[in-house]
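# here is a sequence with its predicted model. Questions after.
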Amino acid sequence: MKSVTLRGLARGFGIGALVGAALVDLAYAAGNDGPGIWPVAAVLMIGAVAVLWPAGRRPSWLTPQVRTVVPAVASGLYTVASVTYPEALFGPGELVILLCLLFVAVRHCSRRWVVMCAALDGAAVLALPVRALRGMPDTMMGFMLIGLVLIGLSAGFAAYLRSMDYRRTVAVSETRRSERLAIAADLHDFVAHHVTGILVQTQVARMMADSRPDELDPVLAGIERAATEALASMRRTVGVLRDTDEAADRRPVGDLAAIAELADGFASPIQKVTFHRDRAVSDDLPHEVQAAAFRVVQEALTNVRRHAADATEITVRLRRDSGRLEVSVADDGRGGTQLPAAAHGGGFGLVGLKERVTALGGDLHAGPRTGHGWEVRAVFPA
């Protein structure tokens, strides 16, 4: 059974209010001598489809431009057609739909279309009093002033949210780019490590060629393994580094052994950290996988300190199953924290972490546990 969220309740209330307002419009149309109920029903149906069609099921042609322009044009045509009917009224349903579509136009339409779409929806809103109050100019002007206020509020709120969306998109893009550059620097270090190992072992093999040729096989096997790991790291580097900007500063990189030290250092008198490492998890995993596993634990423990300072039990687990390494950090916190708001971070740590994990062919999951608490789990091909 799906849990009820505040967003779901708000959406349900909004849909119910919109349907109720549309029914009021239909009742108005049925009870006066205007054009009849069918033109009103057609305008309301077009607008309701544009507003309520679920985002995940919209066809490709139903763009924000189409959603906002077509209902506005339909409302305008109805206004023009109702000139000969002195009893043509407008109700709250059509007004609410047009304001919703104005919001959609300002927030979601492309830059080339946003002004035109918003202008059409705003004009349709201002035309509603003209339809019903042609013989009362003072009243009509009053309603138009109210319409201007509603247009300003809807467009202003949508513009604010659009600016927030843009700023978040830029922040996420910069975080991902920085993380990719950092990954590239780390992988460069790993490749250098493997190549250095190949060089040293080759020198050893040359010295042993004359004196102990029977013992060369393990050395050659080590050279082969180091060369394979170097090529694998190079392939991953090509997949991660998508631009040629200069690399970011190199950072210290942890490994599986450092995770135990990290967990011990995190423990405090009020927070117990338990570290479990299966015997199947060996130290010969690729260095980039070990570094990413270290970063997963590091970021998860940092988030515990930031967002769940009331946690008393934190469990860090390393497990190997079916050729994959699973790293998980779970806590029993309920969201309490003693840090000031400025120390909570910008919320992009998991974005960069997911970039690192997926670049290595892994998968990252972060979410609440059953009951209470939070868990971060990453799975890497080992």
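Yes, it's here. Residues are numbered from 1 along each chain as shown.

# pull out the buried positions in whichever strand or helix holds residue 8.
Assessed by DSSP states H and E, residue 8 sits inside helix 6-30. Neighbour-count burial for helix 6-30, counted by 16 or more other CB atoms under 10 Å, picks out 18, 21, 22, 25, 28, 29. No exception for glycine: its C-beta is placed from N, CA and C like everyone else's.

# state the distance from residue 218 to residue 225.
Distance of residue 218 to residue 225, computed by CB to CB, to the nearest Å: 10 Å.

# neighbour count winner among these two?
residue 225 (15 against 9; other CB atoms under 10 Å).

# what is the mean pLDDT for the helix or strand that contains the more buried one?
Assigning secondary structure by DSSP H and E places residue 225 in helix 216-240. Average pLDDT, helix 216-240: 72.

# and for stretch 55-74?
For stretch 55-74, mean pLDDT is 90.

# pull out the buried positions in that stretch.
64, 65, 67, 68, 69, 70, 71, 72, 74.

# do stretch 217-231 as well
219, 222, 223, 226, 229, 230.

# so where's the stretch 1-150 of the chain uncertain?
1-4, 31-36, 83-90, 132-138 (pLDDT under 70).

# got the residue ranges for the helices in it?
Taking DSSP state H, counting those that start in this stretch as the test, the helices found in the stretch 1-150 of the chain are 6-30, 37-52, 64-81, 92-108, 114-132, 137-211.

# what of the stretch 251-382 of the chain?
256-266, 287-307, 349-359.

# nearest to residue 198, out of these?
Of all the helices of the stretch 251-382 of the chain, the one in closest proximity to residue 198, counting by CB to CB, is helix 287-307 (14.6 Å).

# would you mind getting the angle between that closest one and helix 256-266?
10 degrees (axes from the mean of the first three to the mean of the last three CA atoms, to 10 degrees).

# thinking again about what came up before, and which of the buried residues of stretch 55-74 is nearest to residue 286?
residue 64 (44.9 Å).

# dump the residue contacts of that closest one.
Residues in contact with residue 64, defined by CB atoms under 8 Å, 6 or more residues apart in numbering, are 104, 105, 108, 109, 110, 113, 117.

# of those - the most surrounded one?
Going by other CB under 10 Å, residue 105 tops the contacts of residue 64 with 28 neighbours.

# my read: that one touches residue 125, true?
No. Applying CB atoms under 8 Å as the test, residue 105 and residue 125 come out as separate, 11.7 Å apart.
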